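J.: From the sequence below, what's the structure:
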Amino acid sequence: MAVVRIDPSSEQYRQFAELYTAARRARPSQIDRWNGDLYATVGEGRQWGSFRQDGSFALSQELVFDRLRPGAEPQQAVQAITTVLHETNHARTEIDAPSEPNAVVSRHSKALDEGLTEWVAVDDAQGFAERAGYGHLPEPEPEYPAAHQATEELLEYAAGPDNVADLASRAMDAPVVMRWDVIADEIVKNRLADVVPADPQHQQAARAELIHAMTHPEWEYLDKAPAEAGDNAAQRTTQALDKATQGIRDHYAHNPESPVPAQNPNFRVPQRAGQALSEVQERIVQHETQVDLAQLPAPSADARIEGPPAGRAAGEYSGRGSAGDGARFLSGSPSAAEATQFKPKLGNGARGAGTPAGGRGGVERPMHPTDRGRG
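T.: This is a model prediction of the structure:
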């Protein structure tokens, strides 16, 4: 395997830069974390590419760059374009929001990030390809099938099937750790507006209660789970949200003047007056056993392999981001309800190495690219 820096004066660099610029025009953002460096990986097998921790991109020569050229098979071309979109989306948003009480600083945010980023990339790919001059291409196959499915069903629960794309766009514009909060806000507006007062404290507490319901254990590694796990996670999420929304209604039926007594998902932000930390949170605050956020790589799509979609499963790391990289992005952190053992650094994302069958990226080790592929 080789990693080759692409000369900024080359045609290959120019082509990618034009696609990157077009993708940013399609989804504008004031944030641009790309440092301008571009690398090609050669002989990486199923690894498609990554947005690396240092702010550079590394994309497979065989699976991406070669398939962006004229003559590529349509399905290969659209998968390569989806890779570019997926990685570009990782570079357009912030990761952490340390002062926000509803920030979810646990691995659940990585799984949602990959599912959401993939959903948006797949949704954009065909229209983007036509505008970029590739003509009509087939619909791309989503990677991270479990996270993709569970994310789609969560968006539908929150916004309704006709408003999924709008909610997905708004969530994508938020920092990675705040995307659960965006979805929770939509649920409050659509399902609880008649009982939750407009007062910001009431709104934040209701959203926190819903976030705790959503971030159950099945979400924690959903980006690395087999395809069938997506349906199981979606069903459990729906059940948990139904129970939480009813609980909020019950609370206001008896305590209309008092916010829901939900703890802040972000254990770094003090609780409201009169609201105690959980036993685990108190222990962490006292002993400061937290991991610096800056030391972990960014959210990354963990895996993507070439090949037919039928029978594919997703879930494991399969490249440089495998083995001991479990703590790369909030790995091993507790759920939002107990996210207090570590204060991780969220790193950059990649599409390509993470599930048994695929995924659009991988977790990067320092000085090594993250892999977009399946693993």
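J.: Would you agree Ala40 falls within a helix?
T.: No. Residue state for Ala40 (DSSP: H, G, I helix; E, B strand; the rest coil) corresponds to strand; a helix is not indicated.
J.: check contacts around the spatially closest residue to it that is not a sequence neighbour.
T.: Spatial nearest neighbour of Ala40, chain neighbours left out: Gln61 (4.3 Å); criterion: C-beta to C-beta, 6 or more residues apart in numbering. Every residue, glycine included, has its C-beta placed from N, CA and C. Going by C-beta atoms under 8 Å, 6 or more residues apart in numbering, Gln61 touches 4, 40-42.
J.: How much space separates Gln61 from Met1?
T.: 11 Å (C-beta to C-beta, to the nearest Å).
J.: Look at the residue nearest to Asn35 when sequence neighbours are not counted and give its secondary structure.
T.: Once flanking residues are discounted, Asn35 sits nearest to Gly55: 3.6 Å by C-beta to C-beta, 6+ apart. State at Gly55, reduced to three classes by three-state DSSP: coil.
J.: Gly55 - how many residues pack around it?
T.: By the criterion of other C-beta atoms under 10 Å, Gly55 has 15 neighbours.
J.: chain center to stretch 210-221, what's the gap?
T.: On the basis of C-alpha atoms, centre = their mean, to the nearest Å, stretch 210-221 sits 14 Å off its chain's mean C-alpha point.
J.: if we can go back for a sec, let me know the pLDDT of the residue nearest to Ala40.
T.: On pLDDT, Gln61 comes in at 96.
J.: Same check on Ala327?
T.: In this model, Ala327 is scored at 30, pLDDT.
J.: List the contacts of Ile248.
T.: 192, 195-196, 206, 209-210, 260.
J.: Buried among those residues? Need that as a selection in PyMOL.
T.: Selection of buried members from these for PyMOL, criterion 16 or more other C-beta atoms under 10 Å:
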select buried, resi 192+195+196+206+209+210+260
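J.: Which of the contacts of Ile248 fall in helices?
T.: 206, 209-210 (DSSP state H).
J.: tell me the secondary structure for the residue nearest the centre of the chain?
T.: Closest residue to the average C-alpha location of the chain: Asp113 at 0.7 Å, with C-alpha atoms, centre = their mean. Put simply, Asp113 is helix when judged by three-state DSSP.
J.: how about the strands in the chain?
T.: Secondary structure of the chain (DSSP state E): strands at 2-5, 38-42, 49-51, 57-60.
J.: chain center to the first one: distance?
T.: A distance of 27 Å separates the centroid of the chain from that of strand 2-5, by C-alpha atoms, centre = their mean.
J.: Any regions of this protein where pLDDT drops low?
T.: Scanning the chain for pLDDT under 70 picks out the ranges 272-375.
J.: Now the residue nearest to Asn35, what are its backbone angles?
T.: phi 90, psi 10 (degrees, to the nearest 10).
J.: dump the residue contacts of it.
T.: Shown in contact with Gly55 (C-beta under 8 Å, 6+ apart): 33-35, 37, 91, 348.
J.: cool, and Pro101?
T.: 204, 208, 264-266, 269.
J.: now these: which count as buried?
T.: Among the contacts of Pro101, those classed as buried by neighbour count (16+ other C-beta under 10 Å) are 204, 208, 264-266.
J.: any idea where the helices of the stretch 101-250 of the chain begin and end?
T.: Using DSSP state H, counting those that start in this stretch, the helices assigned to the stretch 101-250 of the chain run over residues 108-131, 145-159, 164-173, 179-191, 200-214, 228-254.
J.: Could you find the closest non-adjacent residue to Leu38?
T.: Going by C-beta to C-beta, 6+ apart, Leu38 has Ile6 as its nearest residue, at 4.5 Å.
J.: roughly how far apart are that neighbour and Asn35?
T.: Applying C-beta to C-beta, the value for Ile6 to Asn35 is 13 Å.
J.: which of those two has more neighbours?
T.: Higher neighbour count among Ile6 and Asn35: Ile6, with 22 against 12, using other C-beta under 10 Å.
J.: how much space between the more buried one and Gln79?
T.: According to C-beta to C-beta, Ile6 stands 20 Å off from Gln79.
J.: before we move on, what about Asp250?
T.: 48 Å.
J.: Appreciated, that's everything.
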